[in-house]
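# what follows is a predicted structure for the sequence shown.
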Amino acid sequence: MTDLSPTAHDAPWLSQDQLDACTNVARFAANELAGDAEGMRRRDWESEFWREGWDACGRFGIQGLPIPERWGGGGATALTTIVALDALGHGCADNGLLFSIGAHMWSSEVPLWHYGTDEQREAWLPRLSRGEAVGIHAITEPEAGSDAFSLRTRAVPDGDGYVLTGRKTFITNAPVADLLIVFARVGQGEGPFGITAFIVPPDAQGLEITHLDKMGLRTSPMGELALDGVRVGAGAIVGQEGRGARVFQTSMEWERGCIMATTVGAMQRVTEQTIAYAKERRQFGQSIGKFEAVAFKIADMKIRLDAARALIYRTGVVMDSGKPFTSEAAEAKVFVSEAAVQTHLDALQIHAGAGYMTETGLERAVRDALGGTIYSGTSEIQRRIIAKHLGL
């Protein structure tokens with residue numbers, strides 16, 4: 001099968017350590033996460049979280065890649081993390097598992113790493129990095145989606161703590177979470193003012209978590225939180241009271257910069273699969289890849305793959321430089337997500353009837369890809385961010 005990975009070509013923009021990370025993760029994924037097509041189909045239909053795959057990634061060090069070694073992580077740079085996740089996405093077809101890992105890293109580990117107290121970091125980051133605990137953050141509400149800072153969940157001071165009341169929805173990992181970072185408003189501020197991030201245990205009195213069913217990424221559990229007088233101590237605050245908006249923004253910057261890395265790997269996998277099929281499938285006396293209608297679609301798939309990889313790797317370079325990367329992350333997020341949808345649709349079309357069947361995994365991959373244009377900020381939100389950076 002044609003190898004489209006960066007290690008198959010001259011890649012002067014990657015260091016030897018980054019190329020080694022790509023190779024090592026690819027080997028790990030091939031050995032421990034690939035080859036279970038029937039189990040993958042079953043988990044998809046039953047919306048089952050693959051805990052064994054999660055634990056294997058934790059033991060290998062995936063969840064802790066960017067976290068400093070002091071707190072139990074791998075201390076990888078942003079670019080190295082992206083390269084490794086790219087390779088993971090290529091080797092593992094369970095896109096829901098990959099999405100859960102990304103959400104865990106960017107929405108729970110990053111806030112604690114950047115804003116947690118040493119006590120909070122010591123208590124949680126080593127466990128989160130090893131995959132022994134599953135983390136989430138909860139900001140989205142029924143009336144506060146893209147307009148996240150219009151949230152209505154309240155945190156009322158009560159003695160030496162706070163009482164939280166409200167509702168959160170579309171929360172990835174909620175049904176399996178061991179750590180919840182819940183955003184609530186303290187006081188009467190509006191917009192980002194007064195928002196505070198709180199650590200809430202999943203077994204807190206007054207908290208109810210229900211499962212939500214969805215179209216794609218079905219092996220990534222999603223839930224809704226109902227908080228009815230949930231009490232937490234003052235030590236549960238991540239960062240400072242009233243400064244939760246910055247905690248959320250940092251999380252989103254990392255998420256938008258990195259979460260599509262596994263999608264690039266998935267694009268490589270489906271492109272390689274389609275090239276192999278186009279060479280083997282014969283119609284009218286020749287392989288279908290000889291027909292321009294097919295060959296040109298595959299050429300476009302390759303162009304999108306290379307452009308997607310270049311954009312997301314560029315984001316990692318800017319992140320590591322210490323410069324602002326909001327616009328670069330938005331560009332990568334919107335392009336990769338939309339390119340992935342088109343690439344998977346093209347792959348399904350080329351496979352024709354076979355692609356429409358569940359056995360190839362393509363119909364599932366299409367459903368999974370569609371979510372990328374919505375989660376972590378819709379494509380419209382990303383374009384708004386880019387336009388703002390252009391002074392528009």
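Happy to help now that I have it. Numbers count the residues shown, from 1 in each chain.
# buried stuff in stretch 104-117?
104-113, 115-116 (16 or more other C-beta atoms under 10 Å). Every residue, glycine included, has its C-beta placed from N, CA and C.
# ok now it, how far from the chain's centre?
Per C-alpha atoms, centre = their mean, to the nearest Å, the displacement of stretch 104-117 from the mean C-alpha position of its chain is 14 Å.
# over to stretch 209-223?
Centroid separation between stretch 209-223 and its chain, computed with C-alpha atoms, centre = their mean, is 14 Å.
# would you map the helices across the stretch 201-350 of the chain?
Using DSSP state H, counting those that start in this stretch, the helices of the stretch 201-350 of the chain run over 244-258, 261-280, 292-321, 326-356.
# of all these, which lies closest to residue 219?
helix 261-280 (13.3 Å; C-beta to C-beta).
# that closest one - contacts with which helices or strands?
helix 78-91, helix 95-104, strand 286-287, helix 292-321, helix 326-356, helix 362-370 (3 or more C-beta pairs under 8 Å, 6 or more residues apart in numbering; DSSP states H and E).
# can you tell me which of these comes nearest to residue 209?
Closest to residue 209 of these is helix 95-104 (C-beta to C-beta; 15.2 Å).
# contacts for the closest one, please.
With C-beta atoms under 8 Å, 6 or more residues apart in numbering as the test, helix 95-104 has contacts from 33, 43-44, 49-50, 53-54, 57, 62-63, 85, 88-89, 92, 128, 134-136, 172-173, 216-221, 255, 258-259, 261-262, 266, 364-365, 368-369, 371, 375.
# next one: stretch 56-66
25, 28, 32-33, 72-78, 80-81, 84-85, 88, 97, 101, 104-105, 109, 128-132.
# now with 7 Å?
28, 32-33, 72-74, 76, 78, 81, 84, 88, 101, 104-105, 128-132 (C-beta atoms under 7 Å, 6 or more residues apart in numbering).
# got the end-to-end distance for that stretch?
Stretch 56-66 stretches 18 Å from its first residue to its last (C-alpha to C-alpha, to the nearest Å).
# make CSV out of the helices and strands packed on helix 261-280 and add mean pLDDT.
As requested, the helices and strands packed on helix 261-280 are arranged in CSV below (pLDDT from 0 to 100):
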stretch, mean pLDDT
helix 78-91, 96
helix 95-104, 97
strand 286-287, 94
helix 292-321, 96
helix 326-356, 96
helix 362-370, 96
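# packing partners for the helix or strand hosting residue 387?
Element membership of residue 387, judged by DSSP states H and E, is helix 379-389. Counting contacts by 3 or more C-beta pairs under 7 Å, 6 or more residues apart in numbering; DSSP states H and E, helix 379-389 packs against helix 326-356.
# out of the helices of the stretch 201-350 of the chain, nearest to residue 2?
Of the helices of the stretch 201-350 of the chain, nearest to residue 2 by C-beta to C-beta is helix 261-280, at 5.0 Å.
# quick check: mean pLDDT of that closest one?
The average of the pLDDT scores along helix 261-280 is 96.
# mind listing what's buried in it?
261-275, 277-278.
# helix 78-91 and that helix, what's the angle between them?
Between helix 261-280 and helix 78-91, the angle formed by their directions is 40 degrees, by axes from the mean of the first three to the mean of the last three C-alpha atoms, to 10 degrees.
# could you tell me how many residues sit around the closest residue to residue 72 other than its chain neighbours?
The shortest distance from residue 72 to any non-neighbouring residue, by C-beta to C-beta, 6 or more residues apart in numbering, is to residue 126 (3.1 Å). Counted by other C-beta atoms under 10 Å, the residues lying close to residue 126 total 17.
# ok, and residue 126, which helix or strand is that part of?
Using DSSP H and E, residue 126 maps to helix 118-129.
# list the contacts of that helix.
63-64, 67, 71-73, 108-109, 112-113, 133, 135, 179, 199, 238.
# how close does the residue nearest to residue 72 sit to residue 188?
Separation of residue 126 from residue 188 (C-beta to C-beta, to the nearest Å): 38 Å.
# perfect, that will be all.
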